[in-house]
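> Requesting a structural model of the entry that follows:
(chains A and B)
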Amino acid sequence: DAGVTQSPTHLIKTRGQQVTLRCSPKSGHDTVSWYQQALGQGPQFIFQYYEEEERQRGNFPDRFSGHQFPNYSSELNVNALLLGDSALYLCAVSRSRGGRETQYFGPGTRLLVL
Amino acid sequence: QKEVEQDPGPLSVPEGAIVSLNCTYSNSAFQYFMWYRQYSRKGPELLMYTYSSGNKEDGRFTAQVDKSSKYISLFIRDSQPSDSATYLCAMSPLTGANSKLTFGKGITLSVRP
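Okay, here's the model as predicted:
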């Protein structure tokens, strides 16, 4: 998992609630991307943060928002949860300059919406 | 049509077999190609990372990219039961660090002892 930590590991919520997921990269990884992986599917890109700004965004509604802190850690917030938001949420980290030029994933947070 | 299509599974092979996993894509802007392995209830783990066309070998794994055909492959030689996992192809137009990755659906491989 390349030293990436995510919390919590599992979460159960009900429809309409809000959730916050957290990601902490290891030292030197300044870029954080978030992905949603539904059961039996590949990860889908939600957005990417660099220097505390959202740099790119995938095809997800505004209910999905994020934040990056000065220490490069990041949060993913989902408002007004729907049943279809049940998935594994993955954080991926990378270095924008230098190092291997790809993304390394954390273990994920498994969200179940009832 | 999805941007990245991956051969449907699941795939079951005997130990020691050579495994071939394949993906096709439609976006000619893709320049960087990756293979990730994902064990059950874990995050994806990077296996191979290649740029543009050609082959890259790492131990029992070989990644092959044919940009003219928009086709990538991962070969696993002397497959082991520990190779049993889901394999995901991913690709991006810019360096993987700064660009969104577009994934295939994944194929589940089972290697029988």
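> If B:F33 is in a bridge, with which residues?
Beta bridges link B:F33 to B:T50, B:M91, judged by DSSP bridges.
> give the contact list for A:D85.
A:36, A:78, A:111, A:113 (CB atoms under 8 Å, 6 or more residues apart in numbering or on different chains). For glycine as for every other residue, the C-beta is placed from the backbone atoms N, C-alpha and C.
> any idea how far it lies from chain B?
When distance is defined by CB to the nearest CB, to the nearest Å, A:D85 is 19 Å away from chain B.
> residues from chain B in reach of chain A?
Proximity of chain B to chain A (CB under 8 Å from any CB of the partner chain) is limited to residues B:4, B:6, B:32, B:34, B:36, B:41-46, B:49, B:88, B:90, B:95-106.
> which residue packs closest to A:L111, ignoring adjacent ones?
With sequence-adjacent residues excluded and distances taken as CB to CB, 6 or more residues apart in numbering or on different chains, A:L111 is closest to A:L11, at 5.0 Å.
> The particular helix or strand that has that neighbour in it - contacts with which helices or strands?
Here A:L11 sits within strand A:10-13, counting by DSSP states H and E. The helices and strands touching strand A:10-13, judged by 3 or more CB pairs under 8 Å, 6 or more residues apart in numbering or on different chains; DSSP states H and E, are strand A:19-24, strand A:109-113.
> Please identify which of these is closest to A:T102.
Of all these, strand A:19-24 sits nearest to A:T102, with 16.8 Å by CB to CB.
> got the angle for that closest one vs strand A:109-113?
When axes from the mean of the first three to the mean of the last three CA atoms, to 10 degrees is applied, the directions of strand A:19-24 and strand A:109-113 differ by 180 degrees.
> buried stuff in strand A:19-24?
Buried residues in strand A:19-24, counted by 16 or more other CB atoms under 10 Å in any protein chain shown: A:19, A:21, A:23-24.
> Put together JSON lines for these, with pLDDT and distance to A:L83 on each row.
Listed next are the buried residues of strand A:19-24 as JSON lines, based on pLDDT from 0 to 100; distance: CB to CB, whole Å:
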{"residue": "A:V19", "pLDDT": "98", "distance to A:L83": "13"}
{"residue": "A:L21", "pLDDT": "98", "distance to A:L83": "18"}
{"residue": "A:C23", "pLDDT": "97", "distance to A:L83": "24"}
{"residue": "A:S24", "pLDDT": "94", "distance to A:L83": "29"}
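> Quick check: the two most widely separated of those residues?
A:V19 and A:S24 (17.4 Å).
> Please compute how far stretch B:74-88 lies from its chain's middle.
Averaging C-alpha positions (CA atoms, centre = their mean, to the nearest Å) puts stretch B:74-88 10 Å from its chain's average.
> Would you double-check that A:G84 falls in a helix?
Yes: A:G84 forms part of a helix when assessed by DSSP: H, G, I helix; E, B strand; the rest coil.
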